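[1] Return atomic coordinates for the entry below.
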Amino acid sequence: MKNKNILMQIRYCAVFALVTVLFAGCSFVSYYDSVSYKNLTDLKGEMKVVFDDCMSNTIAGEKGLELLKSFQTKSSQAYEYENGKGNNDDTVAQLAIIRDTVGELLPRYEKNVSGGPKQCKARSEDSVVDASTGCLTSGYCKAKWKILEFAFDIAISTENLKIKSK
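    The predicted structure is shown next:
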């Protein structure tokens, strides 16, 4: 009878130890979150449409400005959501790049909206003009999209890896 009680206690201790180890091992990386994945893929899709228009020189006026401001708000919200989860440095870093890249774009675009389309001219290669002024040219939009696309791809891949490690 004594041996049976001792064996039972050993089993309970072993199960408790196993559960403790499993829970302790899961706390170093943020968990997979379908909201995070949806935020990232939705934001990437919306921004791709805007930048495709920009690369075709069709983004213009107040409508374009509102699109960019909306994206800046959404990317800031996604950043705050990810930052609040904790143990999520990789995704937070990529969302900071996305948020800051759009933040750089807005003042330049606002200048174009207030200056009108006739004032918007592409600069020559040797032009010494403040980089925060001027047009959202095709080349500028293409370069900014490459930065954004890379940041989105890393953040989305990071979320996908969380599924596999679950």
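
[2] where does the protein dip in pLDDT?
    Low-confidence segments of the chain (pLDDT under 70): 1-30, 57-61, 112-135, 164-166.

[3] Secondary structure element holding Ala155?
    helix 138-164 (DSSP states H and E).

[4] Could you chop this structure up by domain?
    Domain segmentation of the chain under automatic domain parsing yields 1-28, 31-164.

[5] what about Leu43, neighbour count?
    Residues lying near Leu43 (other CB atoms under 10 Å) number 22. Every C-beta, even on glycine, is put in place using the N, C-alpha and C of the backbone.

[6] Check which helices and strands the helix or strand hosting it sits against.
    According to DSSP H and E, Leu43 maps onto helix 34-55. Under the contact criterion of 3 or more CB pairs under 8 Å, 6 or more residues apart in numbering; DSSP states H and E, helix 34-55 touches helix 61-85, helix 89-115, helix 138-164.

[7] Tell me which of the ones you listed sits nearest to Asp52.
    helix 138-164 (8.2 Å; CB to CB).
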